[in-house]
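>>> Generate a structure from the sequence data that follows.
(2 chains)
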Amino acid sequence: MKDKVGIPRGMFYYDYYILWENFFNNLGVEIVLSPETNKDILDKGVHACVDEACLPVKVFHGHVDYLKDRVDYIFIPKFISVYRREYCCPKHLGLPDMVRHSMKGLPELIKPKVDLKKSNRDMKRAIIHTGKYFNKSAGAAIKAFNKAQNRFQRYMESIRQGAMPIHGIKYDEYNPSQILLLGHSYNIYDRYINMGIVDKLRANDAGVITVEMLDTHTMRKHTSGLSKRIFWTHGQRIVGGAFALMDEGLIDGIIYISSFGCGMDSVLMELTERRAKKLGIPFTILTIDEQTGEAGINTRIEAFLDMLKWRSKDEDNLPTHGEYIHSR
Amino acid sequence: MKITFPHMGNIYIAGKAFLEALGQEVIPPPRCSRRTLELGIKHSPETICLPLKIMIGNFIESIEKGADTILLVGSCGPCRFGFYSILEEGILRDLGYDVEFIVYEPIGEGINKLKENVFKTLNITNIGEVLKAARLGWRLIHKADQITELANETRAYAKDSSRVDLIINNYHRKVEQVFGEEEMMDLMDKTINSLNKVERKKNYEPIRIGLIGEIYTLIEPFVNFDIERRLGHMGVLVEKSLTPTIWLDHHVLKFPFGSRNEKEKHRLARPYLKTLVGGHGRETVGAAIGYEKRGFDGAIQLLPLNCMPEIVAKPILNRINRDLEFPIMTLILDEMTGEAGFITRLEAFVDLLNRRREEDSVV
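Numbers count the residues shown, from 1 in each chain, chains lettered A, B, ... in the order given. The predicted model follows:
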């Protein structure tokens, strides 16, 4: 009988699932994926998790709860660092521990430690560690991973061409306005917790760009002007992507989706908002938590889009006192 | 150059005397007040954690008094404290204040920059003098902490605990008047003497509570509603898991190996949490177990709202609570925390600990 590994559809699922899926398939392991987030999963997560945690972490607990009686193992990697001298969010650092200590009756957790802070060597250790659960030799595990990584690179290339994670739905039609949808991948691609904001924007004839569509080099270049390097890899991506698109004038407005209580966002929002204000680019923040109502979100999106329309229709951009009207 | 720095408990006492002894002009911010907090809230991002808000208030009040240089310690992740300097600089620039920020970044970020900053702020020119200055700073901070600890202990045992408050209030008032290292040391010695003279209860076994959690909320009495003093008046002996002395010992004195005290916490935390989670999350877990092992009656975790590392620590503390049957209460602090509710919870917790002790003595 094949071993079944459960992968919760939350947190870094939206970044690395294609990699994980191919890796486990190459190892000959069956994957059980939890369904898309729904009310039941959210409720279970809120119940299992500590109150103070942010929404995506609670949702993640819900997915683990769904999987726990259906699989032999649950795969929750411990992401400490994915880039030299940088870190992930502290909640990723402790995610397997939070799950392990808040929930009862869990199957065995596979929690390889990914710590590339000092060198890439640790990656190999994490791969071999995971392979051991299925009696695979180090060589076989690494071979499976390399093959998966090649596939993952091709997927990343399609994302950069403008496809949307996680199924790579292509987007290329012309739209009158381009909106940069900013935020953590697990907030902007989870259709339940952000109430389908991508679809809502597209239904209103707005194009959606996300920072995942940019290449890493461009993003790193644009944050080099800050007085302090951004030591969160995923924060670096958000700020760098926003700066790059703003500096090059490729977007009409920014919608930042932040989960209530996100520590990284409190810093990232401040940095991007400051730059947006300086350049006169419309910027709005939608804060989501388990009690956010959909009607309120709809109203705010519509108001934001109306504002963009009027701005291009009515404003003449003639200087008053040597300044553009909409710049501060 | 008129130097100022943010408030954090008793650090200003040592910091002021230290920089003055090195020939710098120091303008410590006025003690944290309602106004500090309100200035901070008004100008900071809404969702940032409480320490930044108070710091912004501190800086504005110091600048009003004439400070032009801000001294700060930096870090490089994974806690958001590492971004404080860049956010604060942006906020103060927008308000039109022209101040210089000097940030001591960790050595890993480039030793030359750190060296330059140290030489500039401490008014010295070579490494030998740095060591001399460091020894002086260490003596001062160590003694300042000693007073805080002695005051906490005396309060728990004193027949009349309000006498301790009188002595400490007097000490704080005089700190602002003395100048330099010698006068400060003299004042501190006198304070220790008078604290030792306070009459103590005999055959008294106080309830012992360990304070664990985020370092700023542990150390700054304005933020934690003077929790040490309040518990002291209830006859409780408090110990903090983090003090400026412990921090310096771990991060500066014993660099890069770390102090024995902190490594012991990591060892204790291992069964529950093996890796770092940023800030002092792992130390919080280790300290809780440490207090249990040392026979404390309970522990209180303090954190500012949305503190990421401490939120990771919380489910683990809940588990320790169940596994070891060790009472741990979590108190979250932010600008909306009400004093009355806070005190009620403290009183209830102390009652619970008293009750547990009574039950144990019957069996």
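>>> what's the longest helix in chain B?
helix B:127-157 (DSSP state H).
>>> What residues sit buried inside the least confident helix or strand in chain B by mean pLDDT?
Across the helices and strands of chain B, mean confidence by mean pLDDT, DSSP states H and E is lowest for helix B:111-122: a mean of 83. Using 16 or more other C-beta atoms under 10 Å in any protein chain shown as the test for burial, helix B:111-122 gives B:114, B:117-118, B:121-122. Just so you know, the C-beta spots here come from the backbone N, C-alpha and C atoms, and that holds for glycine as well.
>>> quick one, strands of the stretch 151-300 of chain A?
A:177-182, A:206-209, A:253-259, A:283-288 (DSSP state E, counting those that start in this stretch).
>>> elements contacting the shortest one?
Based on contacts counted as 3 or more C-beta pairs under 8 Å, 6 or more residues apart in numbering or on different chains; DSSP states H and E, the elements that strand A:206-209 packs against are strand A:177-182, helix A:197-203.
>>> Up against chain A, what does the stretch 51-200 of chain B have?
Contact residues (C-beta under 8 Å from any C-beta of the partner chain) of the stretch 51-200 of chain B with chain A: B:74, B:76-80, B:82-83, B:85-87, B:89-90, B:108.
>>> swap that for the stretch 251-363 of chain B, sorry
B:272-273, B:275-279, B:281, B:305-309, B:311-316, B:318-319, B:332.
>>> returning to what we had before: for residue B:31, find the nearest of the helices and strands packed on strand A:206-209.
strand A:177-182 (39.8 Å; C-beta to C-beta).
>>> Is any residue of that closest one near chain B?
No - between strand A:177-182 and chain B, judged by C-beta under 8 Å from any C-beta, nothing touches; the nearest distance is 14.9 Å.
>>> just the CA coordinates of the least confident helix or strand of chain B, formatted as CSV?
Provided in CSV are the C-alpha atoms of helix B:111-122 (Å, rounded to 0.1, in the frame of the first residue of the first chain):
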residue,chain,number,x,y,z
ILE,B,111,32.2,45.9,10.9
ASN,B,112,33.5,49.2,9.5
LYS,B,113,30.2,50.9,9.7
LEU,B,114,29.7,49.7,13.3
LYS,B,115,33.2,50.9,14.2
GLU,B,116,32.7,54.3,12.7
ASN,B,117,29.3,54.7,14.6
VAL,B,118,30.8,53.6,17.9
PHE,B,119,33.8,55.9,17.6
LYS,B,120,31.5,58.8,16.6
THR,B,121,29.0,58.4,19.4
LEU,B,122,31.4,57.5,22.2
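>>> now it, how far from the chain's geometric center?
Counting by C-alpha atoms, centre = their mean, to the nearest Å, helix B:111-122 is centred 25 Å from the centre of its parent chain.
>>> looking at the helices and strands packed on strand A:206-209, which is buried most?
Ranked by mean neighbour count, those are led by strand A:177-182 with a mean of 22 (mean count of other C-beta atoms under 10 Å in any protein chain shown).
>>> now the least confident helix or strand of chain B and helix B:127-157, what's the angle there?
70 degrees (axes from the mean of the first three to the mean of the last three C-alpha atoms, to 10 degrees).
>>> Output the contacting helices and strands for helix B:111-122.
strand B:100-104, helix B:127-157.
>>> right, so of the strands of the stretch 151-300 of chain A, which gets closest to residue A:36?
The nearest among the strands of the stretch 151-300 of chain A, by C-beta to C-beta, is strand A:283-288 at 16.1 Å.
>>> Show me what that closest one is in contact with.
Strand A:283-288 is contacted from outside by A:55, A:187, A:193-195, A:197, A:253-260, A:269, A:272-273, A:276-277, A:297, A:300-301, A:304, using C-beta atoms under 8 Å, 6 or more residues apart in numbering or on different chains.
>>> do the same with stretch A:132-152
Contact partners of stretch A:132-152, identified using C-beta under 8 Å, 6+ apart, comprise A:3, A:16, A:18-23, A:25-29, A:73, A:108, A:110, A:124, A:127-128, A:130-131.
>>> low-confidence ranges in the chain?
You didn't pick a chain, so chain A it is. Scanning chain A for pLDDT under 70 picks out the ranges A:1, A:166-175, A:316-328.
>>> The chain in question should be chain B.
B:363.
>>> At the geometric centre of it, which residue do we find?
Centre of chain B computed as the mean C-alpha position; nearest residue by C-alpha atoms, centre = their mean is residue B:219, 2.3 Å away.
>>> Residues of the stretch 151-300 of chain A that sit close to chain B?
So the stretch 151-300 of chain A meets chain B at A:226-232, A:258, A:261-267, A:269-271, A:274 (C-beta under 8 Å from any C-beta).
>>> looking at it, residue B:171 is touching residue B:193, isn't it?
No - Residue B:171 lies out of contact with residue B:193 (C-beta atoms under 8 Å); the separation is 11.4 Å.
>>> can you confirm residue B:72 is in a strand?
Yes - under DSSP: H, G, I helix; E, B strand; the rest coil, residue B:72 falls within a strand.
>>> Now do the contacts for residue B:237.
Contacts of residue B:237 (C-beta under 8 Å, 6+ apart): B:152-153, B:156-157, B:206-209.
>>> Tell me the one of these nearest chain A?
residue B:209 (21.5 Å; C-beta to the nearest C-beta).
>>> Wait, a helix at the closest one?
No - counting by three-state DSSP, residue B:209 is not part of a helix but strand.
>>> Which helix or strand contains residue A:26?
In the assignment (DSSP states H and E), residue A:26 maps to helix A:13-27.
>>> Spatially, what comes nearest to residue 179 if we skip its sequence neighbours?
All of this refers to chain A. residue A:206 (4.9 Å; C-beta to C-beta, 6 or more residues apart in numbering or on different chains).
>>> wrong one, chain B
residue B:20 (6.0 Å).
>>> what sits against the one you found?
Contacts of residue B:20 (C-beta under 8 Å, 6+ apart): B:26, B:179-181.
>>> quick check, nearest of the residues you listed to chain A?
Looking across the contacts of residue B:20 and measuring by C-beta to the nearest C-beta, the closest to chain A is residue B:26, at 24.6 Å.
>>> Could you pull up phi and psi at the closest one?
Here is the backbone geometry of residue B:26 (degrees, to the nearest 10): phi -120, psi 130.
>>> Pretty sure it sits against residue B:15.
Yes - Residue B:26 lies in contact with residue B:15 (C-beta under 8 Å); the separation is 7.4 Å.
>>> Roughly how far does the closest residue to residue B:307 other than its chain neighbours sit from residue A:295?
Once flanking residues are discounted, residue B:307 sits nearest to residue B:214: 5.1 Å by C-beta to C-beta, 6+ apart. Computed as C-beta to C-beta, to the nearest Å, the residue B:214 to residue A:295 distance reads 37 Å.
>>> more neighbours, the two?
Taking neighbours as other C-beta atoms under 10 Å in any protein chain shown, residue B:214 and residue A:295 compare with residue B:214 leading, 28 against 9.
>>> quick revisit: if you rank the contacts of residue B:237 by neighbours, which is first?
Most crowded among the contacts of residue B:237, counting by other C-beta under 10 Å, is residue B:209 at 27 neighbours.
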